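Enquirer: no sequence on this one, just coordinates:
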Ligand code: EPZ
């Protein structure tokens with residue numbers, strides 16, 4: 001396994017281009033199951049999760065090419081509708097093929113995704129909604145076996161909780177259903193918005209895009225003609241690099257970003273004393289004399305993103321005073337706390353609330369990555385920890401951050417990938 005060797009180095013400087021959003025690309029790739037033609041998708045990040053989903057679709061019979069951030073995928077010859085455990089276990093977002101497969105073929109079997117480090121991650125809301133649309137769903141030997149031989153029927157869906165991939169799954173299922181589906185309490189994340197926009201541009205009538213109330217008029221199993229499109233920029237990657245600039249007190253510019261997707265993140269950074277220069281597609285963060293403490297509560301979009309919680313916790317270790325972070329979405333998304341404590345951070349946990357007292361003088365140590373965003377928090381802390389920090393199990397990072405070490409090296413960081 002690889003590990004990252006990171007030396008303390010401040011400040012960083014320069015500019016980097018932000019990649020396409022992994023969490024937008026995944027549902028968009030699953031969406032190609034609804035297309036009658038080969039679909040080209042640009043600005044796709046070359047990260048492990050994307051390759052995993054492409055492999056899953058290839059196992060079902062799809063053909064694709066993926067080079068220079070562009071995917072061309074053809075699912076017309078698909079005949080197999082079983083997403084097997086060996087792939088699904090490595091990436092729970094594979095659940096995104098459930099809705100499209102079922103609505104197009106009338107049957108599919110998808111391995112239960114299982115939990116992950118940050119929580120149990122149930123999919124009950126996905127399944128309940130599909131049953132409301134006429135599917136028969138049984139769990140057999142660890143597989144979700146879904147049947148709807150006459151296709152799905154539009155229904156009024158009310159999500160008890162806001163679910164990002166649940167909304168994506170039902171939007172895609174509804175796109176080919178017979179009749180109209182309404183979704184109340186839909187996720188409003190930019191990644192869900194792009195999925196709705198591409199379906200709309202492909203001929204699916206959708207109202208309420210970007211709101212919590214969606215209405216989707218299905219095509220009754222008529223496949224869609226899809227034009228090529230580019231994936232939106234990754235707001236979480238962008239937020240991570242903004243935090244890297246903040247924690248090292250640097251002036252950094254990010255290009256190829258959508259600043260409007262980062263409003264709560266930028267607002268928090270400015271509350272901490274940083275200043276961000278914003279243009280249509282760039283953000284430049286400037287240093288501050290004193291980093292002020294903050295209170296953060298994670299919420300669904302447009303609230304403060306849970307996927308930025310770990311990174312801000314690393315930053316709060318350098319604030320002058322006591323910050324609190326409340327994690328409201330996942331029951332176990334504090335795995336980075338013990339690793340940050342190993343570096344010298346002063347963090348106390350009480351249930352879902354972390355109290356961080358700073359500034360702490362961090363010193364390099366061996367630490368272990370536990371999940372995608374926790375790993376990026378350790379990278380940020382390592383940039384200001386005295387000496388060298390070795391971050392192990394960085395396969396977690398490779399799932400969602402494209403060319404992380406080369407981007408940081410461009411900014412002047414002393415970062416090297418080595419073999420255990
Ligand atoms: C998506 O996960 C993202 N993944 C996650 O990003 C992100 O943290 C999460 O949304 C929240 O923003 C992708 O888009 C691939 P949810 P998802 O369904 O859809 C509960 C990353 O770092 N819930 O919105 O799986 C669930 O337990 C990843 O890139 C149910 O109870 O999250 C959680 O508490 C990590 N039943 C809450 O809802 C369900 O059927 C939000 O989950 C579904 C969800």
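Expert: Thanks, I have the structure now. These numbers were taken from a predicted model, which means no experiment stands behind them.

Enquirer: Which residues of the stretch 51-200 of the chain lie near the ligand?
Expert: 93, 119, 121-126, 161, 163-166 (C-beta under 6 Å from any ligand atom). All C-beta spots, glycine's among them, are computed from the backbone N, C-alpha and C.

Enquirer: any chance you could map the strands in the stretch 251-400 of the chain?
Expert: 251-255, 275-278, 282-286, 295-297, 321-326, 346-350, 353-358, 366-368, 388-392 (DSSP state E, counting those that start in this stretch).

Enquirer: can I get the ones you listed in a markdown table with distance to the ligand and mean neighbour count?
Expert: Formatted as a markdown table, the strands of the stretch 251-400 of the chain follow (distance: least, C-beta to the nearest ligand atom, whole Å; neighbours: other C-beta atoms under 10 Å):
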| stretch | distance to the ligand | mean neighbour count |
| --- | --- | --- |
| strand 251-255 | 18 | 19 |
| strand 275-278 | 22 | 14 |
| strand 282-286 | 20 | 19 |
| strand 295-297 | 14 | 16 |
| strand 321-326 | 14 | 18 |
| strand 346-350 | 18 | 14 |
| strand 353-358 | 16 | 20 |
| strand 366-368 | 17 | 20 |
| strand 388-392 | 17 | 21 |
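
Enquirer: Which of those sits closest to residue 267?
Expert: Across these, residue 267 has its closest neighbour in strand 275-278 (9.4 Å, C-beta to C-beta).

Enquirer: Can you list the strands that the closest one pairs with?
Expert: In the sheet, strand 275-278 lines up against strand 282-286 (antiparallel) (DSSP bridges).

Enquirer: for the strand it pairs with, what is the average pLDDT?
Expert: Per-residue pLDDT over strand 282-286 has a mean of 98.

Enquirer: just how off-centre is it within its chain?
Expert: 22 Å (C-alpha atoms, centre = their mean, to the nearest Å).

Enquirer: Would you agree residue 383 is in contact with residue 4?
Expert: No: Residue 383 is beyond contact range of residue 4, at 11.2 Å (criterion: C-beta atoms under 8 Å).

Enquirer: Can you show me the helices along the stretch 1-150 of the chain?
Expert: Using DSSP state H, counting those that start in this stretch, the helices assigned to the stretch 1-150 of the chain run over residues 22-31, 48-60, 85-88, 98-105, 124-132.

Enquirer: Need these in TSV (columns: mean neighbour count and mean pLDDT).
Expert: Output for the helices of the stretch 1-150 of the chain, formatted as TSV (neighbours: other C-beta atoms under 10 Å; pLDDT from 0 to 100):
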stretch	mean neighbour count	mean pLDDT
helix 22-31	26	98
helix 48-60	19	97
helix 85-88	17	93
helix 98-105	27	98
helix 124-132	19	97
